[in-house]
Each structure stands twice: as C-alpha cells, then as structure tokens.
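okay, predicted coordinates and the sequence, questions at the end:
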Amino acid sequence: MKGPLAELAERWQDEAAVLRRCGHERTAALCEMHATHLMEAFGAYLFEPLSIEAAAEESGYSASRLYRLVESGALENAGRPGAPRIRRAHLPRKARMHARGSLSGDRVAIVDAALSEMRDGR
C-alpha cells in the first residue's frame, strides 16, 4: 500500500518511461526530476525536526509530556541536550487528533520505503 504522493511520483516515473520510449528524452528527464523533487520535499517535511512547542501543537500532546518522552528515550531527540527536537514523522498522535488522511506510523513507513527506493534507483 502506498500513499498518494508516492503513487503520484510512481505515475510520473511511469510516464517518463513512456516518453523515453517515444523518443522524448528531455521531457522524460523532466518528469523524473519532478517525481524526485516531490518525494524529496515530502521526506524533508516528514523528517523536519520540530521544537517541543511546535511538536505539541501538531501532535495534540502537551509540551511537558513530549519533553518527558524525549527525556525517557521513548522519542528520539533530533536536537541536542537542553534543546530537544522531535521529527514530524515520529510524533505521537492523540486519537482525537487523527484527521482523515493524517500520517499514521504505517504511512510514515510507506513513505520512508518509497524515498529509499527512489534514492536506490538513482
């Protein structure tokens, strides 16, 4: 199962292959570049280290709770001691905060795998 952005990037890769077979090398390269940029931008968004305050706003958890989770090692500190940060992809989400289409752990894993596949294919 893939997320909609990975599916879009894959569709652009498929379209690039068709264009290439038809002799449109430059257009194919442009499609591939756009697919790569899309996945890189989404990866940067997902793995952006957020301040505890920003993480609290996005996750629905209090800043103090998130700080305790980082201090206990339950959440990886993407920052430094005394200035912890949490990557957006690693944020816990309160059940009431889940909106339709929000990123779950499974979706994060799917995007991470798609990013890895794209990097390995280049």
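Nice, thanks for sending it over. Residues are numbered from 1 along each chain as shown.

drop to CA atoms for contacts and neighbour counts, all remaining ones
Noted.

please look at F47 and A89 and confirm they touch.
Yes - applying CA atoms under 8 Å as the test, F47 and A89 come out as touching, 5.7 Å apart.

buried stuff in stretch 43-58?
Neighbour-count burial for stretch 43-58 flags G43, L46, F47, E48, P49, L50, S51, I52, E53, A55, A56 (criterion: 16 or more other CA atoms under 10 Å).

what is the most widely separated pair among those residues?
The widest separation within the buried residues of stretch 43-58, taken as CA to CA, falls between G43 and E53 and amounts to 21.3 Å.

secondary structure of R65: a strand, I assume?
No - assessed with DSSP: H, G, I helix; E, B strand; the rest coil, R65 is helix; it does not lie in a strand.

that one: what's it in contact with?
Remark: with contacts taken as CA atoms under 8 Å, 6 or more residues apart in numbering, R65 is in contact with nothing.

pLDDT score assigned to it?
At R65 the predicted local distance difference test score is 96.

distance of it from P81?
17 Å (CA to CA, to the nearest Å).

just R26 next, same as before
48 Å.

what helix or strand does the nearest residue to L69 once chain neighbours are set aside sit in?
Counting by CA to CA, 6 or more residues apart in numbering, the nearest residue to L69 once its immediate chain neighbours are dropped is L75, at 5.5 Å. Of the helices and strands defined by DSSP states H and E, none includes L75.

what does stretch 8-20 contact?
Here stretch 8-20 makes contact (CA under 8 Å, 6+ apart) with E25, T27, A28, A29, L30, C31, E32, H34, A35, T36, L38, M39.

R26 and P81: which has the busier surroundings?
In this comparison of R26 against P81, neighbours counted by other CA atoms under 10 Å, the higher total goes to R26 at 12 against 9.

cool, thanks, signing off.
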